[in-house]
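Colleague: Fold the following for me, if possible:
(4 chains)
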Protein chains: 2
Amino acid sequence: MTERNTKGRILDAAERLFARDGFHATSLRNITREASVNLAAVNYHFGSKEALISEVISRRMVPINRMRMGRLRAVMAESVNQQARPDVSEILSVFFRPTLVFLETSSQAKEFVTIIGRAMPEPDDTVRNILIGHLEPVFRYLLEILCFALPHVPYRVLYWRLQFALGAFSHVMRTARDPIFMPDDLKPEEDIGSIIDVLIPFLTAGMEEAVE
Amino acid sequence: MTERNTKGRILDAAERLFARDGFHATSLRNITREASVNLAAVNYHFGSKEALISEVISRRMVPINRMRMGRLRAVMAESVNQQARPDVSEILSVFFRPTLVFLETSSQAKEFVTIIGRAMPEPDDTVRNILIGHLEPVFRYLLEILCFALPHVPYRVLYWRLQFALGAFSHVMRTARDPIFMPDDLKPEEDIGSIIDVLIPFLTAGMEEAVE
DNA sequence: GCCTGTTTTAAACATTCGTTTAAAACGATA
DNA sequence: TATCGTTTTAAACGAATGTTTAAAACAGGC
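Modeller: Numbers count the residues shown, from 1 in each chain, chains lettered A, B, ... in the order given. Just a heads-up that it's a prediction; the model follows:
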């Protein structure tokens, strides 16, 4: 259940609190209390709070992005083999769905989808750049594949449409647990996958829309 | 050019710095230095930093939302008169375009669109609730009109699609001045209106997409 | 059982923050 | 010009933060 060693306990507690309260509002004292370790443990094991944030993001982001790149390459290869344009809906699925890969194995990892949504709009450059550094190669490849899939849509328009997709995704990952403006006759989705099921067709239609 | 009285100078300086660095990273000392007023002036004129944030948001958000509600009502009235469904593209335009209303009159107001993008994903509840409070009635009316315009799309799906639209919008308002992942052969849009011109058809297509 | 490198602990440090205070400066009015 | 309410000013306060320190506790190999 809870991690046995100090480093792992800190990572789990930090992930949980960063998701709940944000990076800045979460102090090292909160984290170390939650993890039942000494305050100095963070600086001893990670060096700084920033390095801890980086590690919290990296340990899940690296495998997620490896999965993304692998599947994107597969989509691209199949498209070349069959001499057909790749399917936009599949491209977007391949990008967004791996976010949920940890949900099956670790209940703890539910928090991480919130963290992705939090890191993207983070005002602090050093924090945001941690996420951006991970995401950049995937974004570039994604844009490249979309150019193949939608040759009639101008490059500049595709870039902005992909930004819209990122914005919609991060907003919804961040607020899914506690949605804003939720009418009384609706209730929050129990699992995030069902929101992505609504997101993919929405984004696909927007991506494919012809530009006059 | 620059405001003459202390209160106005604080508001302008705060708007500029909140947009550039975020709400939390901007200290009262930064603001008062930028405004060339004494540190205690903020607490004297506004009462607290939180009240200043609220005022920075309100002074532009109130007229923007008044404009939104008026135009939304007009769209709804015309739809009833003509016994036709309201146009989704027009609905979205009427919601998003008033954000830029200050851009013509005040060059200073360019900063405010960034602030809208910053307040939405703000981790601090008290700050985010300031924006949410302003937006809630508009959101509810917007959702209601979309139900009229798209009766074949389930209510729950429309709610989430509207959330996607909000996410895309706030992300792009926040990053428009300094876009992330911008390829070398693209350059940032000089005016935000042209990004909204790309956004509206994208969102419209997503909103209108049939649900199987 | 002693010794060595690693980890944990309690305490302190230096900064920064929002806020408060009390005196000084100002401005309009009589 | 004198007065009174408003505004500005410099200084200090208390609280919270990330980080560092130096000693204590621990673990494994000889």
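Colleague: Return the distance of residue A:83 relative to residue A:94.
Modeller: Per CB to CB, to the nearest Å, residue A:83 is found 20 Å from residue A:94. C-beta: built from backbone N, CA, C; applies to glycine.
Colleague: Apologies, that question was intended for residue A:153.
Modeller: The spacing between residue A:153 and residue A:94, counted by CB to CB, is 19 Å.
Colleague: Of these two, which one has the most company?
Modeller: residue A:94 (22 against 17; other CB atoms under 10 Å in any protein chain shown).
Colleague: quick one: which helix or strand includes the more buried one?
Modeller: In the assignment (DSSP states H and E), residue A:94 maps to helix A:88-96.
Colleague: Not counting whichever helix or strand comes after that helix itself, show me its contacts.
Modeller: For helix A:88-96, the succeeding helix or strand toward the C-terminus, using DSSP H and E, is helix A:101-105. Identification of contacts with helix A:101-105 by CB atoms under 8 Å, 6 or more residues apart in numbering or on different chains yields A:60, A:63-64, A:67, A:109-110, A:112-113, A:191-193.
Colleague: Among those, which pair sits farthest apart?
Modeller: A:63 and A:191 (20.4 Å; CB to CB).
Colleague: Chain A: helices as residue ranges?
Modeller: A:6-21, A:28-35, A:41-45, A:49-82, A:88-96, A:101-105, A:110-119, A:125-149, A:155-175, A:192-208 (DSSP state H).
Colleague: If I take the longest one and helix A:6-21, what angle do their directions form?
Modeller: Pointing back at helix A:49-82 there. Per axes from the mean of the first three to the mean of the last three CA atoms, to 10 degrees, the angle that helix A:49-82 makes with helix A:6-21 is 80 degrees.
Colleague: So which bits of chain A are right by DNA strand C?
Modeller: Chain A comes close to DNA strand C at residues A:5-6, A:37-41, A:44-45, as judged by CB under 7 Å from any atom of the strand.
Colleague: Kindly write the PyMOL command that selects the buried subset of these.
Modeller: A single PyMOL command selects the buried members of these (16 or more other CB atoms under 10 Å in any protein chain shown):
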select buried, chain A and resi 6+37+41+45
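Colleague: could you redo the residues of chain A next to DNA strand C as TSV and give each row pLDDT?
Modeller: What follows is the residues of chain A next to DNA strand C, written out as TSV (pLDDT from 0 to 100):
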residue	pLDDT
A:5	90
A:6	94
A:37	97
A:38	97
A:39	98
A:40	97
A:41	97
A:44	97
A:45	97
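Colleague: If we only consider the residues of chain A next to DNA strand C, which is nearest to residue A:186?
Modeller: residue A:37 (40.6 Å).
Colleague: Please name the nearest non-neighbouring residue to the closest one.
Modeller: For residue A:37, ignoring the flanking residues on the chain, the nearest one in space by CB to CB, 6 or more residues apart in numbering or on different chains is residue A:6 at 5.1 Å.
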